[in-house]
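A.B. asks: next come a sequence and a model predicted from it.
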Amino acid sequence: MRNPVGISMKKDEIIIRISEGATQKETVECLNKKIPALKKLYKSEKTPICVVGKVLKNKEIEEIRKIINKDIDVEVTFDSPKVLGLHGIKRVFEKEIENSETKFYKGNMRSGQKIEFEGSLVILGDVNGGAEVIAGENIVVLGHLRGLAHAGAKGNKKAIIAAQKLDCPQIRISNIVKEIEKEETEAEQKSETVELAQPEETPHREEAVSENTGNDAEEEKEPEVAEDTASEPEEAPASEPTPEPAPAPETEVAPTLTDEERLVATGKWEKTSESSRRGHTYKHYTYTDSITGYTIDAVLVDGTLQHVDSDKSEAVGAIMDAHGTSHTVSIDTLLAF
């Protein structure tokens, strides 16, 4: 990644911001280069350092703390979202859910679509990868949740996220982030066993045995030897088999391209990094705009666009204005640059 760690100075603290898509290896390498230079700013003052940005595990937090304190003996705090175990997410369902104003959305959400609401959101369909659902209160998805869901966005840690099936890399409640592994979701799914009914045996027809006497037998045989053939129906000639129609030629179905393949096809986006976490592949592509000169970074998970980021907050909006596109971040918008 081009710049996984950024450092900014404030009046009473120093902010170290770790990019969300940065790997721990990239973060450590960058900190080992920047912390010695930062040490020169410290003389008699003990300005605290606050680390923000990426979701960090406890092991990663301790590693970063040691790198900083090795050169600078100051207080280091971490204001990044916390990772919560699956059992912690489930606990909220045991509590009573608070009532709130609710908005309903009918239909499936595609990559690039984003819905925000101050109250609760109910999605009557699937939330596909690359789509975002952000609510100030609760989120209920009556379908598959594959995209980003952020409930309690205004700080309500008692908010909930419910879905018919969870198949997304992570979910967020307030500032708490849960990264979901496939093993967890598969263990929760219940398998259904379908028993096929065995076909009933067709009873054999019993041949009726005639116990006719001799006279009866003779009466029955008389029609068989009668010479009056006019009444006997002529056998219809065997019909020739109807030739089977030739099979219709198969119509080739055009393959559906992923968001990543569509970006690469433009020749304007350059891949800068690739990593794998929890069964998902994260890739970063960089684009430098010829009109504004700004550079933006697109993050894709398993080939689907997740979000667009930049070191400068105004970069994305400025590029969209320069190209006359909407301010909705989607794959179609990026392809228009």
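C.D. replies: Great, that's in hand. What you are looking at is a predicted structure, and each value in this text was computed from that prediction instead of being measured.

A.B. asks: below-threshold pLDDT in the chain: ranges please.
C.D. replies: Residue ranges of the chain with pLDDT under 70: 1, 42-45, 80-98, 181-255.

A.B. asks: mind checking the longest helix of it?
C.D. replies: Counting residues, the longest helix in the chain under DSSP state H turns out to be helix 24-39.

A.B. asks: dump the C-alpha coordinates for the helix or strand that that one is followed by into PDB.
C.D. replies: Elements were assigned by DSSP states H and E; along the chain past helix 24-39, the next helix or strand is strand 49-53. The C-alpha atoms that make up strand 49-53 are tabulated as PDB, following Å, rounded to 0.1, in the frame of the first residue of the first chain:
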ATOM      1  CA  ILE A  49      -0.100   9.600  21.000                       C
ATOM      2  CA  CYS A  50      -3.500   8.400  19.800                       C
ATOM      3  CA  VAL A  51      -3.700   5.600  17.200                       C
ATOM      4  CA  VAL A  52      -6.900   5.700  15.100                       C
ATOM      5  CA  GLY A  53      -8.300   4.100  12.000                       C
END
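
A.B. asks: ok and the longest helix of the chain relative to strand 49-53, angle-wise?
C.D. replies: 150 degrees (axes from the mean of the first three to the mean of the last three CA atoms, to 10 degrees).

A.B. asks: which parts of helix 24-39 are buried?
C.D. replies: Within helix 24-39, the residues scored as buried using 16 or more other CB atoms under 10 Å are 24, 26-28, 30-31, 35, 38. All C-beta spots, glycine's among them, are computed from the backbone N, C-alpha and C.

A.B. asks: kindly reformat the residues you listed as TSV containing distance to residue 174.
C.D. replies: Written out in TSV, the entries for these read as follows (distance: CB to CB, whole Å):
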residue	distance to residue 174
24	24
26	28
27	24
28	28
30	29
31	28
35	31
38	31
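
A.B. asks: widest-spaced pair of those?
C.D. replies: The largest distance within the buried residues of helix 24-39, taken as CB to CB, falls between 24 and 38 and amounts to 19.6 Å.

A.B. asks: got the CA coordinates for the longest helix of the chain in CSV?
C.D. replies: Extracted C-alpha coordinates of helix 24-39, given in CSV (Å, rounded to 0.1, in the frame of the first residue of the first chain):
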residue,chain,number,x,y,z
GLN,A,24,-0.1,-5.5,9.9
LYS,A,25,3.2,-6.1,8.1
GLU,A,26,2.9,-2.9,6.1
THR,A,27,1.9,-1.0,9.3
VAL,A,28,4.9,-2.3,11.2
GLU,A,29,7.4,-1.5,8.4
CYS,A,30,6.0,2.1,8.1
LEU,A,31,6.0,2.7,11.8
ASN,A,32,9.7,1.6,12.1
LYS,A,33,10.6,4.3,9.6
LYS,A,34,8.4,7.1,10.9
ILE,A,35,8.7,6.8,14.7
PRO,A,36,12.5,7.6,14.8
ALA,A,37,11.7,10.8,12.9
LEU,A,38,8.9,11.6,15.2
LYS,A,39,11.2,11.2,18.2
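
A.B. asks: and it, how far from the chain's centre?
C.D. replies: 32 Å (CA atoms, centre = their mean, to the nearest Å).

A.B. asks: what's that helix in contact with?
C.D. replies: Outside helix 24-39, the residues within contact range by CB atoms under 8 Å, 6 or more residues apart in numbering are 1, 3-5, 7, 14, 16, 18, 22, 54, 60, 63-64, 67-68, 70-72, 273.

A.B. asks: ditto for stretch 307-322
C.D. replies: 3, 6, 19-21, 289, 291-292, 294-299, 326-327, 329, 333-334, 337.

A.B. asks: check the offset of that stretch from the chain's centre.
C.D. replies: Distance of stretch 307-322 from the chain centroid (CA atoms, centre = their mean) equals 24 Å.

A.B. asks: can we start the residue count at 518 from this point?
C.D. replies: All right, first residue 518 from here; so that's stretch 824-839.

A.B. asks: now do the end-to-end distance for it.
C.D. replies: The first and last residues of stretch 824-839 sit 20 Å apart, counting by CA to CA, to the nearest Å.

A.B. asks: can you show me the strands along the stretch 568-717 of the chain?
C.D. replies: Taking DSSP state E, counting those that start in this stretch as the criterion, the stretch 568-717 of the chain contains strands spanning 593-595, 599-600, 619-623, 631-634, 637-641, 649-652, 656-662, 665-668, 678-683, 687-690, 693-696.
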